[in-house]
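Q: got a sequence here, can you build the structure:
(one chain, ligands or ions: 1)
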Amino acid sequence: METLIPSQTLGLTRRDFLRKGSLAGAGLVLGAPSILKAVSGPEAPSNMINVGFIGCGKQHEVLFNAMVNIPGIRYVAACDIMKDRVGGAYGRIRARFGYSPNRYLDAGDMLAKEKDLDAVIVSTPDFWHSPHTVMALQAGKNVYCEKMMANNIEGARAMVKAMKDSGKLCQIGHQRRSNPRYIYTLKELIQRHKICGRIVNANAHWNRAVSSSRDITAPARILPDKAMLAKYGFGREGEDMPVEELHRRFLNWRLYKDLSGGPISDLGAHQIDIFNWYFGARPKSVVASGGCDYFKDREHFDNVMCIFDYDTPEGGARAFYQVLTTTSAGGGYAESFMGTEGTIEISERSAYTKIYREPGSAPSWDPLVQQGWLKKAAAAGPADSSDAIASYASAAPEGFDLPGDLNEPPHQPHLANFFAAIRGEAKLNCDAEEALESEAPIYWVNPAAERNETIHFTEEHLHT
Ligand SMILES: NC(=O)c1ccc[n+]([C@@H]2O[C@H](COP(=O)([O-])OP(=O)(O)OC[C@H]3O[C@@H](n4cnc5c(N)ncnc54)[C@H](O)[C@@H]3O)[C@@H](O)[C@H]2O)c1
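A: The predicted structure is shown next:
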């Protein structure tokens with residue numbers, strides 16, 4: 001029989017986690033800005049949130065597919081400098097909802113004409129995030145902008161300022177912040193039940209195969225022309241670039257220093273954010289190493305490893321992070337929090353999530369299993385083998401699993417939190433200031449690796 005255990009932190013019961021598989025309502029607060037007046041449910045005409053998209057590429061599609069499950073949204077406009085992509089967004093909206101959004105090639109034009117927009121979703125390349133977000137906030141719109149906030153820290157700071165000056169909401173797309181599995185793991189397992197004991201190390205990685213890291217290509221006939229790409233900043237000032245190079249920069253903006261922060265910011269942003277969120281602290285320093293080891297024609301390092309040093313509320317700790325774009329083996333992507341009594345390896349993918357109890361130092365977790373906070377994992381094989389030298393090898397830790405899962409697209413809870421905040425029913429889980437608190441150290445990893453020196457953070461490095 002299942003025992004109901006009220007979760008004080010989340011204001012929800014364990015049964016909610018298990019049954020609904022979602023804590024999208026977690027963190028509800030009263031007194032958040034009420035921008036729209038609720039009449040009778042989210043579908044009431046006066047309670048619909050009018051949304052416009054800026055940037056309709058790959059991630060736009062992911063976000064749209066998550067948003068369609070959220071009631072009360074009307075898709076009013078879509079903008080992309082590439083006709084083919086804005087056409088794709090138009091087609092998706094029409095096919096799903098039967099009405100036609102307005103189409104734009106220029107974001108300024110969309111914001112000037114669409115007076116009734118309540119919210120804008122920005123999923124353009126990183127170097128456009130700050131201009132688009134600032135422009136939309138200044139036009140009085142609420143903004144959901146994808147991570148990494150910007151391609152440089154000054155751009156990210158401008159977003160925080162625009163959010164504060166405008167009084168509008170600005171959520172940054174660190175979707176794990178609203179993922180019930182991540183919230184549950186932090187609030188219940190780490191903070192309340194303290195299953196890890198003292199967390200002394202964290203370790204995260206994103207290992208991506210060469211085959212997934214190759215240049216993106218597309219037929220030239222569907223790509224924006226030279227003038228369009230130059231107008232929207234894909235060239236370099238004062239340089240007359242051949243159209244082939246402009247097309248490569250347009251499709252592969254992640255490879256260029258003036259357009260993005262490279263793999264450490266593109267992939268690392270998600271996971272280094274979790275270090276800072278879970279530790280409840282910002283690092284004191286970073287040491288890093290990286291190289292153009294395999295892809296010789298890229299500006300950014302294709303592989304980077306770095307170590308952050310922390311003073312957490314519980315004491316000193318270190319966090320190691322690696323991003324590889326040349327090998328996928330080793331478990332895809334996950335973040336491990338490694339303590340004296342247990343380790344939680346958590347990932348957006350359930351398959352990469354594992355929990356281990358340290359035999360010998362941790363108390364029994366049987367009561368937690370009986371009460372349903374954890375599930376016992378299937379035995380992983382013999383604890384010791386003939387090649388383990390008794391005095392050197394630790395006994396194999398016992399394996400456990402989370403008791404529930406998220407049964408909706410991983411971006412949906414974060415988007416739902418954004419729309420609930422617009423309705424005044426929730427507080428944003430990751431507004432621009434909170435995001436920059438956490439993202440700021442990431443901007444210093446490439447410089448630390450390039451200069452081959454430890455960067456000791458000061459307020460000047462990290463301020464928002
Ligand atoms: N949160 C996540 O899990 C996640 C996952 C993937 C990507 N992302 C982020 O989403 C963003 C977009 O990534 P993507 O993979 O979709 O890239 P993409 O290149 O596929 O799409 C970007 C789109 O923006 C358009 N664009 C470029 N400049 C523009 C401008 N000035 N005005 C209007 N449109 C413009 C391009 O034509 C393109 O369609 C990036 O910031 C990326 O980091 C987040």
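
Q: which residue ranges of the stretch 301-450 of the chain form strands?
A: 303-312, 315-324, 333-339, 342-346, 354-357, 375-376, 398-401 (DSSP state E, counting those that start in this stretch).

Q: nearest to P101, of those strands?
A: Proximity to P101 (CB to CB) singles out strand 333-339 among those, at 33.3 Å. C-beta here means a position set from N, CA and C on the backbone, and glycine is covered the same way.

Q: same question for that closest one, mean pLDDT?
A: Mean per-residue pLDDT for strand 333-339: 98.

Q: is the ligand contacted by that strand?
A: No - applying CB under 6 Å from any ligand atom, one finds strand 333-339 separated from the ligand by no less than 10.6 Å.

Q: who's in contact with that strand?
A: 190, 195-207, 267, 270-271, 274-275, 278, 343-349, 352-353, 358 (CB atoms under 8 Å, 6 or more residues apart in numbering).

Q: could you tell me which residues make contact with R103?
A: R103 touches 77-79, 86-87, 90, counting by CB under 8 Å, 6+ apart.

Q: can I get the strands of the stretch 301-450 of the chain in TSV including mean neighbour count?
A: Shown next, in TSV, are the strands of the stretch 301-450 of the chain (neighbours: other CB atoms under 10 Å):
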stretch	mean neighbour count
strand 303-312	20
strand 315-324	20
strand 333-339	23
strand 342-346	23
strand 354-357	22
strand 375-376	14
strand 398-401	18
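
Q: among the ones you listed, which comes closest to K427?
A: The nearest among the strands of the stretch 301-450 of the chain, by CB to CB, is strand 342-346 at 23.1 Å.

Q: which two of the contacts of R103 have the greatest separation?
A: A77 and G87, at 13.6 Å, using CB to CB across the contacts of R103.

Q: and these two? Which one has more around it.
A: Using other CB atoms under 10 Å, the more surrounded residue of A77 and G87 is A77, with 24 against 15.

Q: the more buried one in helix, strand or coil?
A: Recorded secondary structure, A77: strand (DSSP: H, G, I helix; E, B strand; the rest coil).

Q: likewise for G140?
A: coil.

Q: what pLDDT does the model give the residue in the stretch 51-200 of the chain positioned nearest to the ligand?
A: Per CB to the nearest ligand atom, G57 is where the stretch 51-200 of the chain lies closest to the ligand, at 1.9 Å. pLDDT recorded at G57 is 98.

Q: please apply the same query to A38.
A: pLDDT recorded at A38 is 39.

Q: check the one 3 residues further on too.
A: Among the per-residue scores, G41 shows a pLDDT of 54.

Q: likewise for A393?
A: A393 carries a pLDDT score of 75 in this model.

Q: the ligand versus that one, what's the distance?
A: 38 Å (CB to the nearest ligand atom, to the nearest Å).

Q: got it, and P441?
A: For P441, the distance to the ligand - CB to the nearest ligand atom - is 18 Å.
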